[in-house]
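In: fold the following for me, if possible:
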Amino acid sequence: MVKVSGVPYDVELPLSPCTKVCKLDETKSYCIACFRFKEEIASWRDYTKEQREMVTALTETRRIMYEANKRINKPE
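Out: The predicted model follows:
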């Protein structure tokens, strides 16, 4: 059994996308290692299974956008 915010859950919660290599983007808004916003990182432990799944899906979209932007803006 897993506890989230002191409440027991019988569901398996998604693991954190944290890579243990925190590095904020230029705007200091999100981590370019796990692609979560600072608020998502701070709130992760309190999120429900559904919230964690949503954030995890969003991080993949952010990663794709970040990589595409790097290729577009690559200095020649």
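
In: distance of E60 relative to I32?
Out: Distance, E60 to I32, using Cβ to Cβ, to the nearest Å: 14 Å. C-betas here are computed from N, CA, C, even on glycine.

In: so those two - more neighbours on which side?
Out: Higher neighbour count among E60 and I32: I32, with 15 against 11, using other Cβ atoms under 10 Å.

In: list the contacts for that one?
Out: Counting by Cβ atoms under 8 Å, 6 or more residues apart in numbering, I32 touches 23-25, 66.

In: next step: those residues restricted to helices.
Out: In this view, the contacts of I32 that belong to helices under DSSP state H are Y66.

In: which of the contacts of I32 lies closest to S43?
Out: For the contacts of I32, the closest approach to S43 (Cβ to Cβ) belongs to L24, at 16.7 Å.

In: residues contacting that closest one?
Out: By Cβ under 8 Å, 6+ apart, L24 lies in contact with 30-32, 38.

In: and Y30, how many neighbours?
Out: Neighbour tally, Y30, other Cβ under 10 Å: 20.

In: repeat that for K49.
Out: Neighbour count of K49, defined by other Cβ under 10 Å: 14.

In: next one: phi and psi at it?
Out: Main-chain dihedrals, K49, degrees, to the nearest 10: phi -60, psi -40.

In: report the lowest-confidence entry in the contacts of I32.
Out: Lowest-confidence member of the contacts of I32: D25, scoring 86 (pLDDT).

In: show me the contacts for that one.
Out: 31-32, 66.

In: buried residues in stretch 28-43?
Out: Residues of stretch 28-43 classed as buried: 30-31, 34-37, 40-41 (neighbour count, 16 or more other Cβ atoms under 10 Å).

In: out of those, name the ones that lie in helices.
Out: 40-41.

In: format the buried residues of stretch 28-43 as TSV; extra columns: distance to M54 and pLDDT.
Out: Converted to TSV, those look like this (distance: Cβ to Cβ, whole Å; pLDDT from 0 to 100):
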residue	distance to M54	pLDDT
Y30	15	90
C31	17	94
C34	15	95
F35	13	95
R36	11	96
F37	13	95
E40	10	96
I41	15	95
